[in-house]
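*Asks:* Sequence below, structure please.
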Amino acid sequence: MIQIRKADERGHFDLGWLDTYHTFSFDQYYDPRHMSFRSLRVINEDRVSPGKGFPTHSHRDMEIITYILEGALKHQDSMGNGSVIRPGDVQRMTAGTGVAHSEFNPSPYEPVHLLQIWILPNQKNLAPGYEQKAFTKEDRQGRLCLIASPDGAQASVTINQDARVFASLLDQSEAVEHELESQRHAWIQVASGAVALNGEHLGQGDGAAISEERTLGIEGRGHAEILLFDLA
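*Replies:* Numbering: from 1, shown residues only. Okay, the predicted model is just below:
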């Protein structure tokens, strides 16, 4: 069963400095039909204007993944980490018992386009943690590249949940396939371009919740970038 979450049905706020779309209920956007999917709690597609960003704020008991599509994002947190995240970089922050951070677009000219992802952890009150790894275009082109997992397999960042996150870049007619084990579920998010998922069309910003399917066939329709979440 595939249930498509269309891009234009998401929550949307344009604050001038921030243009944001919420796949699931978040902050001022509330829809009881779209609270989460399995352990996947948040997918926010954000565009942040040059020289703007999120001032220091706090989180706890969440696995937060930041995935950059275009531009760069400067990160600082209460654990002492400071870095600039660029396309291909994956940042994982375990909020655990509590962490404060800020995210800022350091460019005076270019906006930054990113996906912010929250995954519910497998337990509360974990020690806060941070990890950042880079994945090249070649790592992701025409294949499903594991970028986050519970055991850090294949040089992925480590998350505290039975979930695996893959990224892929697909050109026209380029295809990948993913097998779901019994009792597993999946979410696919189209970050850019368009794909066919088991024959169903998904455009930029569309998502799809998948249950009771064994094989997922994903084919590019032009240049596309996707994330695939394999979830318990």
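
*Asks:* For residue 207, give me its contacts.
*Replies:* 4-5, 23, 43, 187-190 (CB atoms under 8 Å, 6 or more residues apart in numbering). Every residue, glycine included, has its C-beta placed from N, CA and C.

*Asks:* Find me the pLDDT at residue 14, would you?
*Replies:* With respect to pLDDT, residue 14 scores 97.

*Asks:* In contact with it: list those residues for me.
*Replies:* Applying CB under 8 Å, 6+ apart, the residues contacting residue 14 are residue 20.

*Asks:* How about it: which residues does it bridge to?
*Replies:* residue 19 (DSSP bridges).

*Asks:* Relative to residue 207, how far out is it?
*Replies:* Separation of residue 14 from residue 207 (CB to CB, to the nearest Å): 20 Å.

*Asks:* Likewise for residue 142?
*Replies:* 22 Å.

*Asks:* same thing with residue 73?
*Replies:* 22 Å.

*Asks:* and if you look at residue 96?
*Replies:* Relative to residue 207, and taking CB to CB, residue 96 is found at 27 Å.

*Asks:* Residue 150 too?
*Replies:* 22 Å.

*Asks:* And residue 110, by the same measure?
*Replies:* 26 Å.

*Asks:* Residue 40 too?
*Replies:* 10 Å.

*Asks:* Give the intersection of the neighbour lists for the two.
*Replies:* In contact with both residue 40 and residue 207: residue 187, using CB under 8 Å, 6+ apart.

*Asks:* Now residue 155. Its backbone dihedrals?
*Replies:* phi 60, psi 20 (degrees, to the nearest 10).
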